[in-house]
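>>> Output the structure for:
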Amino acid sequence: MTGLYDDVFVEELRTGAQDLVAEWGLSPRSVVSLLHLSENATFRVDDPETGARVVLRVHRPGYHNRQEIESELAWLADLIDRGIVNAPRPYQTRSGGHIAEFKNCGESRQVVGFAFMPGREPSPTDDLSDSFRRLGTITARLHDHARRWKSPAGFQRKTWNFDTTIGRTPYWGDWRDGLGLTIEGKEVLQRTAKALETKLHIWGTGPERFGLIHADLRLANLLIEDQQIAVIDFDDCGFGWFGFDFAAAVSFIETDDSIPDLQTAWVEGYRCCAEFADADVAMLPVFVMLRRLQLTAWIASHSETPTAQAMGVAYIEGTIELADRFLSTT
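Numbers count the residues shown, from 1 in each chain. As a prediction, the model looks like this:
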């Protein structure tokens, strides 16, 4: 999928989304503008006739099937209904259900509509300690709900284990394709991957440590408004290690000197709501390293996205630095 989101393709997606605005009760005069490119293309829709604002997510082809998308929205709706998390509610379409479609190059593009939420993304330059403490509590509430929730029949989400993150069947590509990866760097990362595989096999996937998680609680998926944190983008939610949600929270800033303090704050917040044993805490650096290698693969396989372009070759250098540090303590 490398190179998927060139300007022509993005405009085709915007036009396709424009043609569907009536599905969410919006007028033909609605203005559709690009918000963000990542795994999917996200558009903001402003209706001058009603003042309504809606966010439309146009799904990347070949990632989630329809049942997986419906399952994500089912969990999200229950979380909102029960007051577990402040998040954008998925809207139903006039045709019924939550998913609309348009054709592009002979393929169906699936589109989902969400309530627009105000707020700003936290910046890595902010003092993030308080935000991570609150995020720890939010994460604990999500995990507690996931442990108790009886999912609907046919619930289907991806599983984020070693093989599907950086192993034999990775959803986001092969870390060996990392931008600018040298032979020496590859050897370091190969040893790191092997060490991770061993540790995660020993840790296991028992229900006390592995279940339904958000899986992408990075800063870009948080919105701060009036000192409240909202969580957006459940597109990667699936079955994984609960500690992985901390690793996702420090995505792209894993080498920052503040990470130990942010981990402490996150654990404090988590323990305000749920148990998080010392053994769980000890595994967090393992999940951070796993996530870093996963993102190294993602950047290589999604090189056309603004996030990947901003990271560039420097990110792989940081991955090797983090791996060296990880191996020295293993």
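>>> got a list of contacts for the least confident helix or strand in the chain by mean pLDDT?
Sorting the helices and strands of the chain by mean pLDDT, DSSP states H and E puts helix 306-328 at the bottom, at a mean of 92. Residues outside helix 306-328 that contact it (C-beta atoms under 8 Å, 6 or more residues apart in numbering) are 36-38, 178-181, 185, 188-189, 191-192, 195, 220, 252, 254-255, 285, 288-289, 292-293, 295-296, 298-300, 302-303. C-beta coordinates here come from the backbone N, C-alpha and C atoms, glycine included.
>>> Alpha carbons of that helix, as PDB, please.
Taking Å, rounded to 0.1, in the frame of the first residue of the first chain, the C-alpha atoms of helix 306-328 are listed here in PDB:
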ATOM      1  CA  PRO A 306       2.500  13.000   6.800                       C
ATOM      2  CA  THR A 307       3.400  11.100   9.900                       C
ATOM      3  CA  ALA A 308       5.900   8.800   8.100                       C
ATOM      4  CA  GLN A 309       7.400  11.700   6.200                       C
ATOM      5  CA  ALA A 310       7.900  13.700   9.400                       C
ATOM      6  CA  MET A 311       9.700  10.800  11.100                       C
ATOM      7  CA  GLY A 312      12.000   9.800   8.200                       C
ATOM      8  CA  VAL A 313      15.300   8.000   8.600                       C
ATOM      9  CA  ALA A 314      15.800   9.600  12.000                       C
ATOM     10  CA  TYR A 315      13.100   7.400  13.400                       C
ATOM     11  CA  ILE A 316      15.000   4.200  12.500                       C
ATOM     12  CA  GLU A 317      18.100   5.600  14.100                       C
ATOM     13  CA  GLY A 318      16.100   6.200  17.300                       C
ATOM     14  CA  THR A 319      14.800   2.600  17.000                       C
ATOM     15  CA  ILE A 320      18.300   1.200  17.000                       C
ATOM     16  CA  GLU A 321      19.300   3.500  19.900                       C
ATOM     17  CA  LEU A 322      16.300   2.300  21.900                       C
ATOM     18  CA  ALA A 323      17.100  -1.400  20.900                       C
ATOM     19  CA  ASP A 324      20.700  -1.100  22.100                       C
ATOM     20  CA  ARG A 325      19.400   0.300  25.400                       C
ATOM     21  CA  PHE A 326      16.800  -2.500  25.700                       C
ATOM     22  CA  LEU A 327      19.400  -5.200  25.000                       C
ATOM     23  CA  SER A 328      21.700  -3.900  27.600                       C
END
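>>> buried sites along it?
Judged by neighbour count using 16 or more other C-beta atoms under 10 Å, the buried positions of helix 306-328 are 307, 308, 311, 315, 316, 317, 318, 319, 320, 322, 323, 326.
>>> got it, and stretch 272-281?
273, 274, 276, 280, 281.
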